[in-house]
Each structure stands twice: as C-alpha cells, then as structure tokens.
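> Sharing a sequence plus its predicted fold:
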Amino acid sequence: MAQESRWRERIVTWGWMLLACYPLVDFVLRNTPIIRSTHVGSVWDKLILLIFGFFFIKESIEGRQVKLPPFYKAVLAFMLLGVGYMMMDLSEPSLTFEGWRAVFLYMFVVFLAPFFIDAQFAKRLLQASLWTGVLIALIAVYQWIVKAPIPAGWVDAGEHVRTRAYSIFGSPNVLGSYLVLMFPIAAGLALTKGYTGKQRLIYGGMALLFAAALFMTYTRGAWMALFIALLVIGALVDKRLFIGIVLAAIAVSFVPQIHARVSELFTPLYWKKAALNGRIARSLLTYDVMRKNPLFGAGLGHYGGAVAARHFGTMYSDNYYAKTLAEMGLLGLFSFVALLFKVARDIYRHIWKRMIWKHGKFIEAGLYTGILAVMIHNAVENIFEVPAMNFLFWFMVSLIFIISREVTGQTSITEEADANHAA
C-alpha cells in the first residue's frame, strides 16, 4: 500500500511538472525526429490528464472530498452544453468530438488541479512555468538579435521592422499572448513579501526579460491586452497604481518602434486592409456563418479554428469569440462569455473580499492580470486554439485559488490526502 502511494505521488508530481512546462515539452515531443514518429507529441497531455482522471474517480469513490473553485459549476454546465452540441451532430462523430476536445478538454483542469495540488506545490509549478518561459523568451531575444526571417504578411505595408520574435510557437501573436500571461506572474512574485531579496531580484529579472521579448513580438493585440488588464488591476488595488500605469504607458508610447506600430492602427490603409481581408472581414464572415443557424451555429469544429482549417480549409477567424459565435451560435457565445465573466468575478471576489492585498500576496495579482490579459487578447486572436495557451489559462485560473488558501488558513490538499490515507 505504501509503495502504491509512493508511485502515485511520483506520477502526480512529474505529471503536473510536465504540464506546467507545457509549451516546451510539447515542442520537444513534436519536433524530435525519433519521438515524432511515435505520435507521442499529440497524445502526451491527454494521457496525463487521463491518468489524473482515473485517480480522481477512484479516490472520489473512496470518499475523498476537495474544495473546488467557486465557479466549477459554471465550468461543468458549459462542458455539458458542449456535449449537447456534440450530440446534435452525429453525422461526423470524429469531427464533432475533435471540435469538442479543442474547446473543452483543458477545462477538466479546474476539477483535477485542486484534487492533487496544494499551495506549496502550486508555487513550485509556477516556478517551473516561469523558468520554461525564460528559455522561450531567450529564444525570442536571440531571434530578434539575429534578425530571424519572417513572412511578409507579418508586417503591414509600408512598415519596417527588423523582425518579429516568435520563439518556439511559430507565431509572434501566440508568443505575445504567452508573455502577457507570464510577465505579470513574474512581476507579482517579485513584489510578494516572504521571498528573499535574491529571489525577488531573480523574479524581477524574469519580468524584464518577458517584457523585452513581448516588445520584440511587435504584437499590438498583446500589448493592448496587457495594458487594459494592468489598468483593471490598478483600479482595483490603488488609484496611484492606476495613474502610474497610465504614465508608464504614455512614456513607453514614445519608443519609436512602439509608436510606429500602434499609430499604424489609426491609418486609413490599415482599416481598408482589415475590411478587405483582415480581422474585420473575418469577423463579418463568422457572422454570416452564424446567421444560417443563429441559436446553435454551424457546429463544433466547423468554422474559424484549427479543426475546421484541417477538415474544410476554412480560414481562422482571428477572434476566438467570433469563432465561438460561428460554431456555437448565440447560445454558445453568450454561455462562454458568461463563464469567463464568472471566472473573472469570482477571482475578484476571492481576492478582494478576503483582503489578500494587505498580506502582500501579489502572486494572485500577477495571476489575475495574466488571466484577464489572455481573455482580452482572444478578442483579436484565436489564442484558445493553441493547446498550450488553452491549458495554461485554465491551469493558472486553478492555481490562483489554490495558492490563496495559504492566506486564508485552509488545510492544504496534500495534508488532507495524507490524513485520509493514514486513516
């Protein structure tokens, strides 16, 4: 029994560590020639979640109970709605299931993470994620220094940039979204009390590296998403912080490359291109698809994302909410937006009402900022179409509640599990 318990703990520990380093692990498994031929790269994350799911069911039957985040019922309801959409179209079950998996699979993390992770382990997982981010950001900096070649479509007509960093993601927009998630977490750790001066200096250095790499992506959507998220956090914490963020943004806007890139948004040429074959045109196309079935849409996996691109050759919508509208109609879009709103509201209530700010716990502030930034960035990119970003979003949403238990004095999950096994 003791040996079985040790094996379980090893599997759980290493499984979550691999998932915490998701972008790097996935890249290595998919691009190492020997491993690539085994197709492990396409199933490794599902296998880990499946094993966790087995442990979850087995131990739940045995009577173990764990406190879940307050929004777990909303997540469960949305996932069941997705099952309903899948049942509505059984003409191509494999396609529909693939479409369901792309949207809903990583939401299981909301149920699994609190079952296996306590506050201290959550911090170790955050550190693993951040060190993975350091390697990814260093690759981006290297690409920018050596002027890595990029497709012409990544630069607006008449605009001149030395390059756009994309690191292991193959897209500067996805890298930008990844960095707006990682940057505030590192900054939050650097400001959190309880760490040594050396540790806070390291986290501050990480934050600066992430900010530099974010600049090198030249991704306006990520810049704006981070700015808006920081404004929200500034307004929640202290009006002086809010004013400081505004002043910092004004100062940064004088950087020639940033000024040129952002000012391009206000030119007639940009809006003309956007209306002809850019984001405006693609959003209007998703609306046209939705009009054929306004309530339920075209069906999961049928338009605007990776699954539809593979099966039907349709273009990406460049707006995850528009993609949801096309595939799931008005019911699906409103349900999804309501879910994200509840997640954001519950995190706000959990942090603000319990006065975590007074404890100097800016880890939560950093996590919240990154979560909001990814939500906002999805309005101009299909960020949740990228498995690494989809997983990391729900992973960080879970960790913020797990870590906050340390402040409120709740029993850690590991201690609870050990007590149950001992009994």
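Nice, I can see it.

> mind listing the helices for the stretch 151-300 of the chain?
172-191, 197-217, 220-237, 239-252, 256-263, 268-277, 279-291 (DSSP state H, counting those that start in this stretch).

> Which of those sits closest to residue 145?
helix 197-217 (9.1 Å; C-beta to C-beta). All C-beta atoms are positioned from the backbone trio N, CA, C, and that covers glycine.

> per-residue confidence averaged over that closest one?
When pLDDT is averaged along helix 197-217, the result is 96.

> Dump the helices of the stretch 151-300 of the chain into JSON lines; add distance to residue 380 and mean neighbour count as well.
JSON lines is the format used below for the helices of the stretch 151-300 of the chain (distance: least, C-beta to C-beta, whole Å; neighbours: other C-beta atoms under 10 Å):
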{"stretch": "helix 172-191", "distance to residue 380": "8", "mean neighbour count": "27"}
{"stretch": "helix 197-217", "distance to residue 380": "14", "mean neighbour count": "19"}
{"stretch": "helix 220-237", "distance to residue 380": "4", "mean neighbour count": "20"}
{"stretch": "helix 239-252", "distance to residue 380": "18", "mean neighbour count": "13"}
{"stretch": "helix 256-263", "distance to residue 380": "13", "mean neighbour count": "13"}
{"stretch": "helix 268-277", "distance to residue 380": "11", "mean neighbour count": "12"}
{"stretch": "helix 279-291", "distance to residue 380": "6", "mean neighbour count": "17"}
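
> Quick one, which of those helices gets closest to residue 110.
Nearest to residue 110, of the helices of the stretch 151-300 of the chain and by C-beta to C-beta, is helix 172-191 at 16.8 Å.

> Could you give the separation of the closest one from the chain centroid?
Distance of helix 172-191 from the chain centroid (C-alpha atoms, centre = their mean, to the nearest Å) equals 10 Å.

> now for that helix, which elements pack on it?
Contacts defined by 3 or more C-beta pairs under 8 Å, 6 or more residues apart in numbering; DSSP states H and E place helix 172-191 against helix 119-145, helix 197-217, helix 220-237, helix 362-377, helix 387-408.

> Throw those into CSV and include distance to residue 296, thanks.
Output for those, formatted as CSV (distance: least, C-beta to C-beta, whole Å):
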stretch, distance to residue 296
helix 119-145, 37
helix 197-217, 36
helix 220-237, 29
helix 362-377, 24
helix 387-408, 22
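
> Select, out of these, the one closest to residue 293.
Once these are compared by C-beta to C-beta, helix 387-408 is nearest, at 25.0 Å.

> what angle sits between that closest one and helix 119-145?
Interaxial angle of helix 387-408 relative to helix 119-145 (axes from the mean of the first three to the mean of the last three C-alpha atoms, to 10 degrees): 140 degrees.
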